[in-house]
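Asks: Sharing a model that was predicted from the sequence below.
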Amino acid sequence: MSIALEQVSKHYDGAAAVNDVSVSITDGEFFVLLGPSGSGKSTLLRAIAGLTTIDHGRIVLNGRDVSNVSPREREVGFVFQNYALFRHMTIADNIEFALRARRVPAKLRRQRRAELLKLVSLEGFDRRLPSELSGGQQQRVAVARALAHEPRVLLLDEPFGALDARIRDDLRRGIRDIQRAVGITTILVTHDQEEAFTMADRIGVMDRGRLQEVGEPRVLYARPKTRFVATFLGAANLLLGHRERNGMRIGESLFRLDRIALPPPSCGTEATVVIRPEDIVVARSDVRAAAHPIGSAEVVEMEFVGSLERIRLSVEANPLLQSALKPDAPVFSMEASRSARESETAPLIIGQKLCIGVKRIHVLSTRISSLRLLGTRDEAELRLKKSKLVSDLAMRMHITPTLHPAYDAGKAPLAGLPVVELDEGHGLQIAARLLQDGASQVLIVGSDNRPAERLLIYAQPSRPARDSVLSTAGSLLRHMSVDSTLLVPADERSLYGARYRDLLDIRNAALQLHGVDVRTESFREGIADELRVRLRSAPSTMLLIGMTSSTSGSALIEALAALTKQCRFAAVLVTCARSDTESLSVRHVREGAVASFG
Ligand code: ADP
Ligand code: MG
C-alpha cells in the first residue's frame, strides 16, 4: 500500500512537533525516518497510524484520504519501542489479540498464529509468557502481533532501542527478511544512522519537525543537500569553497567541477563544501601524487577503531581555506581517516606537521554559506550578534557569524549572507549599496529584536527571481520552525498569475527543486499594500523578497523604506537573481556538484 503525506503538521502547545511534512512512499518500500531525539519522528508515525490527530494536511493510504479515519480502519500494524506485549498473556494470546477483537473464529486464529510464529522463527513458543523470552524474542513477537490482522502498512517506532548490539543486528536482519517475505510497506523510526543505512530503501531525515531530505542511503551520504544531513549521516568536514571562473577553490587547489556551470566571480562566490574523512589524504611532504593539496595541518589526536584510523587535525586557516562553521577562526579542526594498513606503513605521531590533500568534494546547494554581520555605525555589529533572529539562525545552521566593523564599499564581503541592522533606514542604504556592488543577497534585521514567527515570500514576476527566492526559502525553512506563505499576484495573466494550475506548479517546483513545501496565497491589490496589511496584523514576520538584476535594487529599497515607516517586521531578506547564476542554482539542487580527483 502506498502512503502519501501532504503538508502534515502537528502542534503541541503552539510549537510544531511536525511541520509541513510531505512525502510519498511506494508500495512495498522500506522507508526509514531518521532524526535526533525530539525531531518529531514518533509524532509523525503516530499520526499515520491514527493514534494522534493532525492540525493540517492530509494522510493518504492507497489513494484514500484517511486523515479522519479511525486507527482500526487504517489497516496499519504498529510496534512500539518499549515492547508493548501484554505481560499477563501468553505469546499465543498476544498474537491473537487483534484477531479476537475483530471476531475472527478460533480455528482461523490458530492457523494465523502458527504462520506468524513460523515467520518470526518462534515456533513452539505459544504457551510461554513474555517474561520467559529474551528482549529480541519479545520484539519478534511484537512484530508478529502487529502483522496478525494482515495490515497493509507496518510502522515500527525504534523497535531495537532497548536491545544490546548483537541482538539488534540479528533482529534488524530478521525484520528486513520478514518485510521482504510479506512485501508490506514499512516505516521504521530510528535515531541511529547505521541502522538507517543497513535497512532502508530510502531514508527521510527529520530535524525540528521538518523532513529535511529524502533519498537512497548512498545518495544522501555522497550528495547531501544540507549541512544538517551532511553531518548527521556520518563525519563530515565543512569548509567554505570559493567559486572561480573555472572551478571551486579550496586552499591552494582549484577543483574542476565538470557537471555544473560556474557563475562569474562577481556574485555569490562562496559555497559550503563537504569533505568526508575518507576523502582526505595526509602525507609528510607532498600529497600531490594522491590528491589535490589544500594546506597544512598538525596531528592532534589519533584513534584506532579496528578497520581504520581516525585522525583529528588542526588546520591553519587562510582566506581561501576556512571552516564553514567558524569562518574567522585562525585554526580549525578537520577529521581524516585511513585504513589500518596505511596507518601501519606510515605511522603518525601527535604534533606532527602534515600536508593535507582532498580526493573528492561535494558542494552543498545551500544558499546561505555564512553570516557576515556588517556594522552600520557604533556597535551595530555586536547588537546584531545578540539579536534573537541572528543568534537563532546561527545556532540552527551551526554557523558562527563573523563581524565586519564598518561597511566600506568595494571591500565589504559580498559572499555568504551580509547582515545589517535596519537602524532607522541607515541599514537599507547599506543594503542597496551591497546589492549594487554585486551581493546576491542581504538580510536586514528589524530594530526591535523580534524573533521571526512566520515567513512571507514574494518574488518579482520572473522565473529567476522566483527560483532564487524559493531556493533561499528552502535554506531558511530547514532551519526555522515557522509557517511560510508565498504571495502570488492574482491579476497577472502571465506565468505567475494565480490560476489554480500555476499555484500547483509553484508548489511542485518548490518541493522538487528546493525541498520546501510552501503554501501559496494570491492577492489582488499592489504588493506594497498587501505587505502593509499583513505586517500590521503580524509584525513578527520575516519578509523574503526576490528580485532580478534587471530590476533596480534601489526602487525596492525605497519601497521598503516607505514600508518601515508604517509598520514593523522581524527582518527582510532580499535575494537578487542574476540570470547567469540561476542555471547554477537549479542544477546544483538537482544533481549536487561533485568534483573528483583525476
Ligand atoms: P522523536 O520521536 O523524534 O524523539 P517526538 O515526536 O516524540 O520526537 O516529539 C517531537 C516534539 O513534540 C518534542 O518536542 C516533544 O516534546 C513534543 N511532544 C511529543 N508528544 C507530545 C505530547 N503528547 N504532548 C506535548 N508535547 C509532545
Ligand atoms: Mg520517538
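Replies: Yes, it's here. Ligands and ions are numbered 1, 2, ... in the order given.

Asks: how deep is the residue lying closest to residue 381 once chain neighbours are set aside tucked in, by neighbour count?
Replies: In this structure, residue 381 finds its nearest non-sequential neighbour in residue 375, 4.0 Å apart by C-beta to C-beta, 6 or more residues apart in numbering. From N, CA and C alone the C-beta is placed, and that goes for glycine too. Residue 375: 20 surrounding residues under other C-beta atoms under 10 Å.

Asks: Residue 375 touches residue 383, doesn't it?
Replies: No. Assessed by C-beta atoms under 8 Å, residue 375 is found out of contact with residue 383, at 9.2 Å.

Asks: what's the helix or strand for the closest residue to ligand 1 within the stretch 251-400 of the chain?
Replies: Per C-beta to the nearest ligand atom, residue 396 is where the stretch 251-400 of the chain lies closest to ligand 1, at 14.8 Å. Residue 396 belongs to helix 388-397 when assigned by DSSP states H and E.

Asks: Quickly run through the sheet partners of the helix or strand following that helix, with directions.
Replies: Using DSSP H and E, the helix or strand that follows helix 388-397 towards the C-terminus is strand 402-404. Its sheet considered, strand 402-404 pairs with strand 371-374 (parallel) by DSSP bridges.

Asks: Please compute how far the next helix or strand after the partner strand lies from its chain's middle.
Replies: Downstream of strand 371-374, the first helix or strand assigned by DSSP H and E is helix 380-386. Relative to the centre of its chain, helix 380-386 is centred 27 Å away, using C-alpha atoms, centre = their mean, to the nearest Å.

Asks: measure the residue of the chain most remote from its centre to residue 89 for me?
Replies: Centroid-distance maximum for the chain: residue 107 at 49.9 Å, with C-alpha atoms, centre = their mean. Between residue 107 and residue 89 the distance is 20 Å, computed by C-beta to C-beta, to the nearest Å.

Asks: Make sure I have this right: residue 546 is in a helix.
Replies: No. Counting by DSSP: H, G, I helix; E, B strand; the rest coil, one finds residue 546 to be strand, located in no helix.

Asks: And it, how close does it get to residue 473?
Replies: Counting by C-beta to C-beta - residue 546 and residue 473 are separated by 9 Å.

Asks: Now do the shared contacts for the two.
Replies: Shared contacts of residue 546 and residue 473 (C-beta atoms under 8 Å, 6 or more residues apart in numbering): residue 457.

Asks: Can you name the residues that contact residue 251?
Replies: Here residue 251 is in contact with 293, 294, 295, 318, 320, 321 (criterion: C-beta under 8 Å, 6+ apart).

Asks: hmm, back to that, name the helix or strand for the residue farthest from the centre of the chain, please.
Replies: Assigned by DSSP H and E, residue 107 belongs to helix 106-119.

Asks: For that helix, list every residue counted as buried.
Replies: Neighbour-count burial for helix 106-119 flags 109, 112, 113, 116, 117, 119 (criterion: 16 or more other C-beta atoms under 10 Å).

Asks: for the record, mean pLDDT for that helix?
Replies: Mean per-residue pLDDT for helix 106-119: 93.

Asks: related to what we said a few turns ago, wouldn't the residue of the stretch 251-400 of the chain closest to ligand 1 be in contact with residue 477 here?
Replies: No. Between residue 396 and residue 477 there is no contact under C-beta under 8 Å: 10.9 Å.

Asks: For the stretch 1-150 of the chain, which residues are neighbours of ligand 1?
Replies: Within the stretch 1-150 of the chain, the residues that sit near ligand 1 (C-beta under 6 Å from any ligand atom) are 12, 17, 35, 37, 38, 39, 40, 41, 42, 43.

Asks: Quick one: mark the members of these that sit in helices.
Replies: 41, 42, 43 (DSSP state H).

Asks: before we move on, the earlier item: tell me who's in contact with the residue of the stretch 251-400 of the chain closest to ligand 1.
Replies: Contacts for residue 396 (C-beta under 8 Å, 6+ apart) come out as 208, 479, 480.

Asks: go on, residue 43?
Replies: Contacts of residue 43 by C-beta under 8 Å, 6+ apart are 10, 17, 18, 52.

Asks: before we move on, what about residue 171?
Replies: 136, 139, 140, 159, 160, 163.

Asks: Compile these into JSON lines and extend it with columns for secondary structure and pLDDT.
Replies: JSON lines is the format used below for the contacts of residue 171 (DSSP: H, G, I helix; E, B strand; the rest coil; pLDDT from 0 to 100):
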{"residue": "136", "secondary structure": "helix", "pLDDT": "86"}
{"residue": "139", "secondary structure": "helix", "pLDDT": "88"}
{"residue": "140", "secondary structure": "helix", "pLDDT": "90"}
{"residue": "159", "secondary structure": "coil", "pLDDT": "89"}
{"residue": "160", "secondary structure": "coil", "pLDDT": "84"}
{"residue": "163", "secondary structure": "coil", "pLDDT": "78"}
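
Asks: Now neighbour count too, for these, in a markdown table please.
Replies: Converted to a markdown table, the contacts of residue 171 look like this (neighbours: other C-beta atoms under 10 Å):
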| residue | neighbour count |
| --- | --- |
| 136 | 18 |
| 139 | 28 |
| 140 | 28 |
| 159 | 26 |
| 160 | 24 |
| 163 | 19 |
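
Asks: show me where the stretch 451-598 of the chain has strands.
Replies: Secondary structure of the stretch 451-598 of the chain (DSSP state E, counting those that start in this stretch): strands at 454-459, 483-489, 519-523, 541-548, 571-577, 593-596.
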